[in-house]
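Chemist: give me the fold of what follows.
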Amino acid sequence: MYELSVYGHLTIDRIFEGFDEHRTLGAIGNFWEACLLTNPSIFINLQPTSIGEAIISVDKESCTRQGRGVLNLKTRTVKNVLPSKWNHIMYLNQMKNCDFINQLDGSIISADLTSGPMLNLQFLKNLDYLFISDEDIFMSLDELALLVKGWVILHSPHGSICHNGTESFETKTKIIENLNVLGAGDFFAASFISEMLRNNSEMKESVDFAHKNTTKILLRRNNE
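Modeler: Residues are numbered from 1 along each chain as shown. Here you go, the predicted structure:
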């Protein structure tokens, strides 16, 4: 059995910092990198369902990024669901076919959402954890928490708010100036899941770790 299976988008990112351009893998590429940096021994099953491209402008001074992408240039249907302790779905709202989620019974299921059309929301009821950034939230957190089986984790450079429909808690973080935050949401989800799998930590401890580890990974990438 795998510890973690990851389904969803793999992107080729064209990144501009000012007029300087470089290319890298995003989405599943970011998530996979953060998992291995956090726990090199984690046993991961990667199943891209879509391949796409994105162009992204990064402003380090304001710690922001703006982008536009075509996420579903090539798609495939998941036909082989392998046993896994945890299943994570990247960019649920942009996936072409999510029927495989109904085959993931008996394991922990999480997902994240990205900007764009909010499709497949009927599958929110299957999720133990939903990750979403403050830039992408499309309804009130209270309303969204009632649609998800477990927890919604709303994250931003300032911290996060976690809500399960009946209770909530907030974690605050310090903003680091002049930091390229590209991939922060992918790193955050990967850090949280890796910590939960590795140490079976409590929710609040895992959120706190995810914030600190995301900052560590971003600083490492900025210094490369």
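Chemist: got the phi and psi for the closest residue to residue 76 other than its chain neighbours?
Modeler: In this structure, residue 76 finds its nearest non-sequential neighbour in residue 49, 5.9 Å apart by C-beta to C-beta, 6 or more residues apart in numbering. The C-beta positions use only the backbone N, C-alpha and C, and glycine is treated the same way. Main-chain dihedrals, residue 49, degrees, to the nearest 10: phi -110, psi -20.
Chemist: surely residue 49 is in contact with residue 9?
Modeler: Yes. With contact defined as C-beta atoms under 8 Å, residue 49 counts as touching residue 9 (7.2 Å).
Chemist: who has more neighbours, the two?
Modeler: Counted by other C-beta atoms under 10 Å, residue 49 and residue 9 do not tie: residue 9 has more neighbours, with 26 against 23.
Chemist: which pLDDT value does the model give residue 60?
Modeler: On the pLDDT scale, residue 60 is placed at 67.
Chemist: so what's the residue nearest to residue 76 up against?
Modeler: 7-9, 75-78, 95-97 (C-beta atoms under 8 Å, 6 or more residues apart in numbering).
Chemist: now render those as TSV, adding pLDDT.
Modeler: Output for these, formatted as TSV (pLDDT from 0 to 100):
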residue	pLDDT
7	97
8	96
9	95
75	94
76	94
77	92
78	92
95	94
96	91
97	91
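Chemist: what is the nearest of those residues to residue 177?
Modeler: Proximity of the contacts of residue 49 to residue 177 was ranked by C-beta to C-beta; the top entry is residue 9 with 30.1 Å.
Chemist: my read: that closest one touches residue 54, true?
Modeler: No. Between residue 9 and residue 54 there is no contact under C-beta under 8 Å: 9.5 Å.
Chemist: now the common contact residues for these two.
Modeler: residue 71.
Chemist: state the distance from residue 78 to residue 156.
Modeler: Distance of residue 78 to residue 156, given as C-beta to C-beta, to the nearest Å: 31 Å.
Chemist: of these two, give the one with the bigger neighbour count.
Modeler: Counting neighbours by other C-beta under 10 Å for residue 78 and for residue 156 shows that residue 78 has the greater number, 19 against 15.
Chemist: just give the nearest non-adjacent residue to the more buried one, would you?
Modeler: Take residue 78 and drop its neighbours on the chain: the residue closest to it by C-beta to C-beta, 6+ apart is residue 100, 3.9 Å away.
Chemist: and the one you found, that one's in a strand?
Modeler: No. Judged by DSSP: H, G, I helix; E, B strand; the rest coil, residue 100 forms no part of a strand; its state is helix.
Chemist: let me know the pLDDT of the residue nearest to the spatial centre of the chain.
Modeler: Nearest to the mean C-alpha position of the chain, counting by C-alpha atoms, centre = their mean, stands residue 186 at 3.8 Å. The confidence metric pLDDT takes the value 95 at residue 186.
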